[in-house]
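1. sequence below, structure please.
(one chain, ligands or ions: 2)
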Amino acid sequence: MERDEKQQHDNDEPLFIREAVVKELLSWNDCVDALESALVAATNSNKSADKPFSSQTPRTFTPVPGKGVLLSMPGFIGNYPLQTVTGNERHSTLACKLVTSFSGNSKLNPPLPSILATILMFNADTGRLKAIVDGTEITAWRTAAVSLVATKHLYYSSRRFNSSNDYTLAICGTGAQGRIHAIGMLTYFPNFFSKLNLWNRTKSRAVKLRDELNKLFPGLTIAVLDNSTDCVNDADVIVTATNSSTPLFGKNDLRKSSVHINAIGAGTNHHSELALDIYQSGSVFIESNLGIQTELKGIEAYVKGEIGEVIKDEQRRDNSEKISVFQSMGNALEDGVMANLIYQKFIRL
Ligand SMILES: NC(=O)C1=CN([C@@H]2O[C@H](COP(=O)(O)OP(=O)(O)OC[C@H]3O[C@@H](n4cnc5c(N)ncnc54)[C@H](O)[C@@H]3O)[C@@H](O)[C@H]2O)C=CC1
Ligand SMILES: O=C([O-])C1=[NH+]CCC1
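-> Numbers count the residues shown, from 1 in each chain. Ligands and ions are numbered 1, 2, ... in the order given. Next up, the predicted model:
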């Protein structure tokens, strides 16, 4: 099957990379490396000989009344490396992700993911369609991997040599994103977390995830909590991945002296999961300033900078502050580099 698809591609027809193949080709190290390139490119819109650069427009939202929404996410990333796969070779990618969000899908029999996606890749010199890459698993992994990048640069890197790695990870919301974030955090930062707290509005889903993770990470203590405030109480690193339109916790619910939060879910807006006092007292970082002008418009926080600036060491977490927040939204540059990562790995199979 894969051979036939490659053959067609050799005949100049677009390649189709299906979900099962995408799943086999995903790895946390490759994703983190590729996404660091995308996040650095997001900070630079000017073409330059040695730096990754990008152009993107705000994504569009087409509502399907009472059901869900279709988003179109076009973006271009120029002159970037995929170090772990192609070394110092530079890539340019023009891509558009089409992604639907239908929150009722989990109630179908059999259930479907709420977020379903397809990424179209175009030849960046001619505009001709080059590949169609299933984007559902990519969206799950890339969102978690961007949180890994934020956690690595804003929290982990200054603590990784501490002798006792007894950090607690808390996940609020154990749907597709909560699950993949738990797996990503525990795999990419091995032996860093000794405890995992899980909370979900429907408790049985958190119990189901606990049972799965017990098998994958033996030795890890996993607690299922009855409410979101108990879940984050003793946490060092937190992920919120819900559709909640009201805050899940506030500053006073956090006991540790230093806490990093990845807020990735969206209710009425992208910043509805955290109480205002968290945004107003912490260092807040985002993926791209485009977000501030569009979907984060009105966020009542001083946004310190883009994660790409943190990677380039032009911005830092202020360690005297108790809290750092990575306010995630997702963007087209991330999907473009991820589609190309899978494409590059696929053509080398
Ligand atoms: N920042 C980004 O790049 C991305 C963000 N997302 C967002 O992440 C969130 C989770 O997505 P998935 O895990 O794929 O969805 P899912 O449908 O698999 O899980 C949804 C989760 O939200 C919880 N939930 C729903 N309404 C709630 C409420 N009112 N209060 C508390 N919990 C509630 C559910 O119990 C479940 O745990 C969504 O808001 C989605 O739009 C998804 C993909 C990318
Ligand atoms: O970036 C993304 O793909 C999405 N953000 C929210 C729903 C899907």
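2. ligand 2 contacts on the stretch 151-300 of the chain?
-> residue 266 (Cβ under 6 Å from any ligand atom). All C-beta spots, glycine's among them, are computed from the backbone N, C-alpha and C.
3. what residue in the stretch 151-300 of the chain comes nearest to ligand 1?
-> residue 175 (1.9 Å; Cβ to the nearest ligand atom).
4. how many other residues sit next to the nearest residue to that residue once chain neighbours are set aside?
-> Nearest non-adjacent residue to residue 175, counting by Cβ to Cβ, 6 or more residues apart in numbering: residue 241, 6.5 Å away. Using other Cβ atoms under 10 Å, the number of residues around residue 241 comes to 28.
5. all further residue positions should be reported with the first residue as 57.
-> Sounds good: first residue 57 from here, last item residue 297.
6. check contacts around residue 297.
-> Residue 297 makes contact with 227-231, 233-234, 237, 320-321, according to Cβ atoms under 8 Å, 6 or more residues apart in numbering.
7. got the residue ranges for the helices in the stretch 57-206 of the chain?
-> 58-66, 75-81, 84-97, 139-142, 192-210 (DSSP state H, counting those that start in this stretch).
8. give me the distance between the residue nearest to the spatial centre of the chain and residue 231.
-> In the chain, the residue lying closest to the centroid (Cα atoms, centre = their mean) is residue 199, at 1.5 Å. Computed with Cβ to Cβ, to the nearest Å, the distance linking residue 199 and residue 231 is 12 Å.
9. now do residue 375
-> 32 Å.
10. same deal with residue 144?
-> 39 Å.
11. so for the two, which residue has more residues nearby?
-> residue 231 (21 against 7).
12. contact partners for the more buried one?
-> 162, 170, 256, 261, 297-298.
13. what about the residue in the chain positioned nearest to ligand 2, is that helix, strand or coil?
-> Ligand 2 sits closest to residue 386 of the chain, with a gap of 2.0 Å, by Cβ to the nearest ligand atom. Classification of residue 386 by DSSP: H, G, I helix; E, B strand; the rest coil places it in coil.
14. distance of the closest residue to it other than its chain neighbours relative to residue 155?
-> Excluding the flanking residues, the one nearest residue 386 by Cβ to Cβ, 6+ apart is residue 199, at 5.9 Å. For residue 199, the distance to residue 155 (Cβ to Cβ) stands at 11 Å.
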